[in-house]
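1. curious how this folds, go ahead:
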Amino acid sequence: MNCYFDNASTSFPKPPEVASRIIRYLTDEGGTYGRAAYQRVHEATRQVEQCRDALSALLGVADPEKIAFASNATSALNTVLLGVSSRPTVIWVSPMEHNAVMRPLWHLHRTLGIRMEVLPAMGDGSIDTDALGKLPAGEDSLFVINHLSNVNGVIQPMAEISRLATSRGWKIILDAAQSLGEIPVEAVNWNIDCVAFTGHKALMGPTGTGGFYCKSPQELALTHFGGTGSLSDSYEMPAEMPDRFQAGTPNVAGIVGLLSALENRPAACHTPSDVLACMRELSKLPGIKIYGAKQSDQQGELCSFTHQSQPPATISQKLFERHGIETRSGLHCAPLAHRTLGTFPSGTVRIALSPYHTVADLENLIKAIADVATN
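-> Take a look at the predicted model:
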């Protein structure tokens, strides 16, 4: 029985090939990335670039060199948000943003006076595209959008948002930390300016991996400087991608593990309909309130719930102590999202699935929540 329901924090288990691939690199192969001309380095570099190519295909990007690796989505978002050189006076955010976005923006507000505004949205946090279309056009408008909420699983309607953005000259930074690997991300078709992602969640790779795609990397100011293995005769950072944003030795062991995850993704043991059915059953339990997307086609593989009298932390603790079920309670590093949903400051209990969960696992979860909710 799979009792791990905290995959929005980090996926577990990983495909077994991920660990074996990392072990092989650490014990047999070794070699750094792009720093010398012997066979170990050639092989390590080849695998890093193979991973970049695989990510490029997943993102719908024709130019893999426009993808730079980072240690996680937070690091990638900091690089992008702090590096936007044509700084707007107002940055619009979706109402479901994570602190990986809000804290860098708060820093920009405090140091540069940049204002943050929340995009018009529905009660579940999905952006109201009708109201969005009434906002003024302008090339200095920058939107930051959490593609798939880590709190209630709502998926933003990016096809419609991108259509409006393209017609009005808006720029979009997409936080795909939760979505890439679970739902389609079409960076080029949606005309997205930057996409940040992590490797350890829906992609099912190791922690310490991630990165970002940037349509026009020359428009981002540098925030990190150092060795790249290229143009070593100069103190200037290389202008070419991806070296421009890859100062220092990358996490080669993690990246080869991520490559293995991309090559060995398991088939899902449940369907989206099974997830929706589970949410419906949970909503019938006494005292339980489910937080998810209002439209079923905008629901990801996670949701949250509260109990009418028991705090989220109590419910989460009971689930683990009585049934071994692992969930995360609280604010999930997303206070703006919880304010939007009306669950601030106590937060919710979050359920986040992986492809490995079966219908039997969901049935076991329902029974466990029913038990702790009534006793």
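
2. separation between the residue nearest in space to the middle of the chain and Ala73?
-> Taking C-alpha atoms, centre = their mean, the centroid of the chain lies closest to Ala177, which sits 0.7 Å from it. Per C-beta to C-beta, to the nearest Å, Ala177 is found 4 Å from Ala73. For every residue, glycine as well, the C-beta is placed using N, CA and C.

3. ditto for Gln299
-> In terms of C-beta to C-beta, Gln299 sits 21 Å off from Ala73.

4. who's more crowded, the two?
-> Between Gln299 and Ala73, Ala73 has the larger neighbour count (other C-beta atoms under 10 Å), namely 27 against 21.

5. surely the more buried one meets Ala100?
-> Yes: between Ala73 and Ala100 there is a contact at 6.1 Å, judged by C-beta atoms under 8 Å.

6. what is in contact with the two at once?
-> Asp175, Ala177 (C-beta atoms under 8 Å, 6 or more residues apart in numbering).

7. thinking again about what came up before, so what's in contact with Ala177 and Ala73 at the same time?
-> Common neighbours of Ala177 and Ala73, using C-beta under 8 Å, 6+ apart, are Ala100, Ala196, Phe197, Thr198, Gly210.

8. so the last one is in contact with Leu77, correct?
-> No: when contacts are counted by C-beta under 8 Å, Gly210 is not listed as touching Leu77 (9.5 Å).

9. now the common contact residues for those two.
-> With C-beta under 8 Å, 6+ apart as the test, Gly210 and Leu77 both reach Ala196.

10. what about these two, which has more around it?
-> Gly210 (30 against 27).

11. now the more buried one: phi and psi?
-> phi 160, psi -160 (degrees, to the nearest 10).

12. Met116 now?
-> With angles defined as degrees, to the nearest 10, Met116 sits at phi -110, psi 130.

13. wait, it touches Ile91, no?
-> Yes: here Met116 reaches Ile91: they are 5.7 Å apart, a contact under C-beta under 8 Å.

14. shared neighbours of the two, anything?
-> The contact sets of Met116 and Ile91 overlap at Leu105 (C-beta under 8 Å, 6+ apart).

15. now do the helices in this protein.
-> 16-24, 39-59, 73-83, 99-112, 129-132, 158-168, 252-263, 272-283, 312-323, 335-341, 359-374 (DSSP state H).

16. now the ones you listed as TSV including mean pLDDT and distance to Pro206?
-> Below are those laid out as TSV (pLDDT from 0 to 100; distance: least, C-beta to C-beta, whole Å):
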stretch	mean pLDDT	distance to Pro206
helix 16-24	98	6
helix 39-59	97	12
helix 73-83	96	14
helix 99-112	95	19
helix 129-132	94	37
helix 158-168	93	27
helix 252-263	98	4
helix 272-283	98	26
helix 312-323	98	25
helix 335-341	98	26
helix 359-374	97	24
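
17. need these in CSV with distance to Thr10, can you?
-> Converted to CSV, the helices of the chain look like this (distance: least, C-beta to C-beta, whole Å):
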stretch, distance to Thr10
helix 16-24, 12
helix 39-59, 18
helix 73-83, 12
helix 99-112, 14
helix 129-132, 32
helix 158-168, 24
helix 252-263, 12
helix 272-283, 19
helix 312-323, 17
helix 335-341, 19
helix 359-374, 18
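
18. so which of these is nearest Gly31?
-> Minimum separation from Gly31 across those (C-beta to C-beta) falls at helix 39-59, 3.1 Å.

19. chain center to the closest one, what's the gap?
-> 21 Å (C-alpha atoms, centre = their mean, to the nearest Å).

20. elements contacting that helix?
-> strand 67-70, strand 194-198, strand 210-214, helix 252-263 (3 or more C-beta pairs under 8 Å, 6 or more residues apart in numbering; DSSP states H and E).

21. the last one relative to helix 16-24, how many degrees between them?
-> Going back to what we said before, that points to helix 252-263. Relative orientation of helix 252-263 and helix 16-24, computed by axes from the mean of the first three to the mean of the last three C-alpha atoms, to 10 degrees: 150 degrees.

22. which parts of helix 252-263 are buried?
-> Neighbour counts over helix 252-263 (16 or more other C-beta atoms under 10 Å) mark Val252, Ala253, Gly254, Ile255, Val256, Gly257, Leu258, Leu259, Ser260, Ala261, Leu262 as buried.

23. now tabulate the residues you listed in a markdown table and tack on distance to Ser234.
-> Compiled in a markdown table, these are given as follows (distance: C-beta to C-beta, whole Å):
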| residue | distance to Ser234 |
| --- | --- |
| Val252 | 24 |
| Ala253 | 29 |
| Gly254 | 29 |
| Ile255 | 26 |
| Val256 | 30 |
| Gly257 | 33 |
| Leu258 | 31 |
| Leu259 | 31 |
| Ser260 | 35 |
| Ala261 | 36 |
| Leu262 | 34 |
